[in-house]
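Participant: With the sequence up front, the predicted model follows.
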Amino acid sequence: MTNVGIDVAKEVHWVCAVDTQGVLLLNHKLLNTPADLQALVDELRRLPAPVRVGIDILGGIASLIQAVILEAGFELLHIPGVAVNRAREGTAGGEAKSDPRDARVIADLIRTRRDLRKVTADSEIDIELRLLVSRRRDLTEEQTRRLARMHDLLASIFPELEHCLDLRRKTDLSLLRCWVTPEEFRAVSNDQIFAELKAGKVQAFARKLMTQVRACAGKQTIALPGERLTASLIRELADEALRNRQREAELDRDIEARLTTHPDAALIRSLPGMGALLTAEFIAVAGPTVRFRSPDALASAAGLAPVLKQSGKSSWLKRPQKGDKRLKRIFYQSAFASMRCPESAAFYARKRKEGKRHHQIIIALARRRVNVLWAILHNRTPYAPKPLPVA
């Protein structure tokens, strides 16, 4: 058997191979090019079989080497970077880091451990969902930053208006795309405002908003220094925010369309609280759920399982500090969203009577839902709520 460790980098990888006794078989750099990677495959085929290959990064800069290794038919394992760092620090001179040392550590971990995650080739639909979810997350983060900047700028020249607007609403952004300062609002007519807001179905809300805006403009008659340029920047940001909302809606439609063809999507969405976005995020983050041997393994990966601490005669459980934060957020948000479900509401009420705090209850509910979701995917059976007992 040959154990191969590859320290992945953007341009130059480092590969190290050892046999079952730890004897060095390969140790050299490897360019991240198709020709060099194919040469590595030919080299590995000349080593004692079976050949097991480990890498410390998945996707991104490792996509090419990952695809080449899998296409060649070798077993591919993932060793997280934190595991490589801790193992290297446990060796002599482990504080010193280098690519050859890390590659050797990866090879030794493959040789000595049997609990490493096996990497399989992703399907096209999984890759597309991962890319769409990542792009939408980028847009959401950019929008959050943009709206915070708009609040800051608006409060510097027109604080009354900043207090009464909700920049998460399309109507309020449409308003700021055209008018910002008190003078501009005093000069514009009601008909112009209605025409810009396209207030057909939200006419009552538009009237209320217009009344509030005019009241704010009447309270401030002073023009502040830098007001004109600040207003121009706010209009620019409002226009960007509206285009961002439109792009987010387009991505939502793309995600929804791809979920209709994914084999797990309908099963995941049958669980109350798992909408289209959370379902897509779960598929993108968790990957193939068959890699989780039990619901406890999935809960541990999400950081929702208590951690045992034992020393001598002392033993206790504590809240985990590790785990995938994205996976934990998905379960937390879905648990919160499921409060409209009678079963979740009953669970919440029961825990409240026991004196638990809101955050504790949502975490406990998220942990229970891990078991349910794992069973749904393992048994390939949609969620079916149990009838609540009649009081």
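Facilitator: Everything's here; your move. Values in this document were obtained by computation on a predicted structure and should not be read as measured data.
Participant: give me the element residue 327 is part of.
Facilitator: Under the criterion of DSSP states H and E, residue 327 resides in helix 325-337.
Participant: Revised request: answer the last question for residue 121.
Facilitator: Judged by DSSP H and E, residue 121 forms part of no helix or strand.
Participant: Equivalent analysis for residue 115, please.
Facilitator: Residue 115 belongs to no helix or strand, assigned by DSSP H and E.
Participant: separation between residue 38 and residue 62?
Facilitator: 16 Å (CB to CB, to the nearest Å). Just so you know, the C-beta spots here come from the backbone N, C-alpha and C atoms, and that holds for glycine as well.
Participant: re earlier: so what does the next helix or strand after the helix holding residue 327 touch, helix or strand wise?
Facilitator: Counting by DSSP H and E, the element after helix 325-337 in chain order, helix or strand, is helix 342-353. In terms of contacts (3 or more CB pairs under 8 Å, 6 or more residues apart in numbering; DSSP states H and E), helix 342-353 is packed against helix 358-379.
Participant: Give me the buried stretch members for the helix it packs on, please.
Facilitator: Buried residues in helix 358-379, defined by neighbour count with 16 or more other CB atoms under 10 Å: 361-370, 373-374, 376-377.
Participant: Looking at those residues, which one is closest to residue 282?
Facilitator: Within these, the smallest distance to residue 282 is 8.1 Å, found for residue 373 (CB to CB).
Participant: how near is that closest one to residue 333?
Facilitator: According to CB to CB, residue 373 stands 13 Å off from residue 333.
Participant: After the helix or strand bottoming out on mean pLDDT in the chain, which helix or strand is next?
Facilitator: Taking mean pLDDT, DSSP states H and E as the measure, the chain has helix 190-197 as its least confident helix or strand, at a mean of 79. As assigned by DSSP H and E, the chain's next helix or strand after helix 190-197 is helix 203-219.
Participant: Mind checking what helix or strand follows that following helix in sequence?
Facilitator: Scanning forward in sequence from helix 203-219 by DSSP H and E, the next helix or strand is helix 227-259.
Participant: Now do the helix or strand just after that next one: everything it contacts.
Facilitator: Counting by DSSP H and E, the element after helix 227-259 in chain order, helix or strand, is helix 265-269. Here helix 265-269 makes contact (CB atoms under 8 Å, 6 or more residues apart in numbering) with 259, 274-276, 279-280, 282-283, 373, 376-377, 380-382.
Participant: residues of stretch 218-227 that come out buried?
Facilitator: Residues of stretch 218-227 classed as buried by neighbour count (16+ other CB under 10 Å): 220, 227.
Participant: measure it end to end?
Facilitator: One end of stretch 218-227 to the other measures 17 Å (CA to CA, to the nearest Å).
Participant: How about residue 226: what's its closest non-neighbour residue?
Facilitator: residue 157 (7.5 Å; CB to CB, 6 or more residues apart in numbering).
Participant: The one you found contacts residue 233, doesn't it?
Facilitator: No. Using CB atoms under 8 Å, residue 157 is not in contact with residue 233; the gap is 10.2 Å.
Participant: of those two, who's got more company?
Facilitator: With neighbours defined as other CB atoms under 10 Å, residue 157 and residue 233 compare such that residue 157 has more, 22 against 15.
Participant: List the residues that contact that one.
Facilitator: 180-181, 224, 226-227, 230-231.
Participant: How far off centre is stretch 186-196?
Facilitator: Centroid separation between stretch 186-196 and its chain, computed with CA atoms, centre = their mean, to the nearest Å, is 42 Å.
Participant: Any stretches of the chain with poor pLDDT?
Facilitator: Scanning the chain with the threshold set as pLDDT under 70 gives 199-202, 387-391.
Participant: Could you list the domains of it?
Facilitator: Here the domain parsing of the chain from automatic domain parsing is 2-121, 129-257, 266-379.
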